[in-house]
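**Student:** Next input, structure requested:
(one chain, ligands or ions: 1)
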Amino acid sequence: MRSAPWESFERPNGRAMRYAVLMTLAHPQRPPWLKVRFPAGGNYQRLQDLMRDQSLHTVCEEARCPNIGDCWSRGTATFMILGDTCTRSCGFCAVATGRPGTVDTGEPARVALAIQRMGLRHAVITSVNRDELEDGGAGIFAETIRWTRRLSPETTVEVLIPDFKGDEAALRLVMDACPEILNHNTETVPRLYAHVRPQAGYERSLEVLRRAKAMDAGALTKSSLMVGLGETRDELLAVFRDLAANEVDILTVGQYLKPTPQHLDVVRYWHPDEFAELKERALEMGFKHVESGPLVRSSYHAEEQAGHGGGPRFRPRFANLEPVSVVALGAPGSEPDA
Ligand code: SF4
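**Tutor:** Next up is the predicted model:
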């Protein structure tokens with residue numbers, strides 16, 4: 001019998017219900033280990049209201065992440081800055097492609113305010129690709145990190161960045177803001193890049209991670225891969241070796257799930273035992289922390305991945321700053337004091 005992949009019996013709101021229907025249509029044969037919680041409940045609604053009030057986007061919603069019921073019920077989310085329209089068209093990603101709007105210079109302050117209101121110990125911030133901008137949006141990333149520091153100095157910051165078309169100066173803008181974790185996803189094996197992420201390059205992604213570590217040896221670097229797109233185990237292990245050779249600290253591996261019927265097909269569902277074996281092999285290669293499982297996503301339980309729950313090393317690098325109020329910082333869009 002075909003069943004919906006949701007376990008919760010809480011009554012969903014309209015948006016959540018539409019989301020559930022889409023996910024069920026996209027995954028009619030989903031194996032039992034991919035069952036997830038229905039997105040609903042008080043915390044879910046509270047976060048939705050906060051995001052709408054502050055005109056913010058999350059990758060949880062825009063990318064139709066299957067973990068949204070779990071993460072949002074725990075009060076965590078991943079912010080997606082620089083708008084909700086991406087200049088690239090990766091075949092696995094549900095974020096809309098098109099011509100983005102103008103840059104919202106007030107967004108960094110509003111993201112920081114939301115992080116403060118949510119009381120996050122660890123904040124994960126990502127973005128769409130903005131290839132039409134001279135710095136690829138790196139300046140807005142840096143400003144968002146600085147605002148977060150000033151409003152929530154005890155909060156550690158992880159940025160999941162695009163490749164900025166390989167622009168070293170753009171990467172330096174981000175690294176100069178000193179995120180605790182610099183995350184850039186490899187996503188898939190090199191053979192599948194043209195099919196899965198045609199506007200990206202495997203070597204370029206490795207270079208982003210290598211340069212980030214060279215620019216700030218005190219930051220942890222992190223990368224994620226999806227499986228289920230047709231890659232082989234040997235190809236995956238070769239990518240793990242490349243990442244380890246470039247001193248990447250944290251690796252996550254999860255099952256690709258087709259977000260809508262229009263996206264790339266799932267070639268196969270990897271079994272939980274295979275994920276466990278991949279984790280063992282990766283740990284042998286020297287990664288400080290590895291998460292590998294069907295529902296693992298780059299930002300899933302990122303707080304634990306990064307160390308709040310016993311991961312590799314974790315200490316807010318600027319915890320001696322005094323928290324300040326938004327009023328003291330001036331109007332959103334103004335640069336906080338360095
Ligand atoms: S795994 Fe990441 S993107 Fe998915 S719901 Fe959780 S925080 Fe959001």
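**Student:** where exactly do the helices run in the stretch 201-338 of the chain?
**Tutor:** Remark: helices assigned in the stretch 201-338 of the chain by DSSP state H, counting those that start in this stretch are 202-215, 233-245, 272-284, 302-306, 326-329.
**Student:** just checking, what packs against the longest one?
**Tutor:** Other elements packing on helix 202-215 under the criterion 3 or more CB pairs under 8 Å, 6 or more residues apart in numbering; DSSP states H and E are helix 168-175, strand 220-227, helix 233-245. Using the backbone N, CA and C atoms, a C-beta is placed for each residue, glycine as well.
**Student:** Deepest-packed of those, please.
**Tutor:** strand 220-227 (a mean of 25; mean count of other CB atoms under 10 Å).
**Student:** What's the mean pLDDT across it?
**Tutor:** Mean pLDDT, strand 220-227: 97.
**Student:** between that strand and helix 202-215, how many degrees?
**Tutor:** Computed by axes from the mean of the first three to the mean of the last three CA atoms, to 10 degrees, the angle separating strand 220-227 from helix 202-215 equals 160 degrees.
**Student:** Tell me if strand 220-227 is near the ligand.
**Tutor:** No - figure legend: strand 220-227 not in contact with the ligand (CB under 6 Å from any ligand atom); closest approach 10.4 Å.
**Student:** Pull the contacting residues for the residue lying closest to residue 211 once chain neighbours are set aside.
**Tutor:** In this structure, residue 211 finds its nearest non-sequential neighbour in residue 171, 5.7 Å apart by CB to CB, 6 or more residues apart in numbering. The neighbourhood of residue 171, defined by CB atoms under 8 Å, 6 or more residues apart in numbering, consists of 138, 161, 164, 208, 211-212, 215.
**Student:** Give me the ChimeraX select line for those residues, limited to the buried ones.
**Tutor:** Buried residues among those (16 or more other CB atoms under 10 Å), as a ChimeraX selection:
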select :138,161,164,208,211,212
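**Student:** For the protein, what lies in contact range of the ligand?
**Tutor:** Counting by CB under 6 Å from any ligand atom, the residues of the chain near the ligand are 59-60, 65, 67-68, 71, 76-78, 297, 299-300.
**Student:** repeat that with 5 Å
**Tutor:** Proximity of the chain to the ligand (CB under 5 Å from any ligand atom) is limited to residues 59-60, 65, 67-68, 71, 78, 297, 299-300.
**Student:** Return the subset of those lying in helices.
**Tutor:** The helices, defined by DSSP state H, take in 59-60, 68, 71 from the residues of the chain next to the ligand.
**Student:** neighbour-wise, which of those residues leads?
**Tutor:** residue 59 (27 neighbours; other CB atoms under 10 Å).
**Student:** That residue and residue 126 touch, don't they?
**Tutor:** Yes - the criterion here is CB atoms under 8 Å, and residue 59 meets it with residue 126 at 5.4 Å.
**Student:** Any regions of the chain where pLDDT drops low?
**Tutor:** Within the chain, the segments meeting pLDDT under 70 span 1-28, 37-39, 305-338.
**Student:** Strands of that one, residue ranges please.
**Tutor:** Remark: strands assigned in the chain by DSSP state E are 57-58, 78-81, 85-86, 96-97, 122-127, 156-160, 181-183, 220-227, 250-255, 289-292.
**Student:** ok, and what's touching the first one?
**Tutor:** I take that to be strand 57-58. So strand 57-58 is contacted by 51, 77-81, 83-84 (CB under 8 Å, 6+ apart).
**Student:** need those residues in a markdown table with neighbour count, can you?
**Tutor:** Shown next, in a markdown table, are the contacts of strand 57-58 (neighbours: other CB atoms under 10 Å):
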| residue | neighbour count |
| --- | --- |
| 51 | 20 |
| 77 | 27 |
| 78 | 25 |
| 79 | 28 |
| 80 | 25 |
| 81 | 25 |
| 83 | 22 |
| 84 | 18 |
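**Student:** So of the residues you listed, which two are at opposite extremes in space?
**Tutor:** Greatest spacing in these, by CB to CB: 77 and 83 (16.9 Å).
**Student:** in stretch 260-274, what's buried?
**Tutor:** 263-264, 266, 269-270, 272, 274.
**Student:** Next, report how far it is displaced from the centre of its chain.
**Tutor:** Put simply, stretch 260-274 sits 19 Å off its chain's centre (CA atoms, centre = their mean, to the nearest Å).
**Student:** just stretch 167-181 next, same as before
**Tutor:** 17 Å.
**Student:** Return it as CSV; C-alpha atoms alone will do.
**Tutor:** Provided in CSV are the C-alpha atoms of stretch 167-181 (Å, rounded to 0.1, in the frame of the first residue of the first chain):
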residue,chain,number,x,y,z
ASP,A,167,36.8,34.8,-7.4
GLU,A,168,39.4,34.8,-4.7
ALA,A,169,38.7,38.3,-3.6
ALA,A,170,35.1,37.5,-3.0
LEU,A,171,36.0,34.5,-0.9
ARG,A,172,38.4,36.7,1.1
LEU,A,173,35.6,39.1,1.9
VAL,A,174,33.7,36.2,3.6
MET,A,175,36.8,34.8,5.4
ASP,A,176,37.7,38.2,6.7
ALA,A,177,34.4,38.2,8.6
CYS,A,178,35.7,35.0,10.4
PRO,A,179,32.9,32.5,10.2
GLU,A,180,33.5,29.5,12.5
ILE,A,181,32.6,27.1,9.6
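**Student:** Lovely, talk soon.
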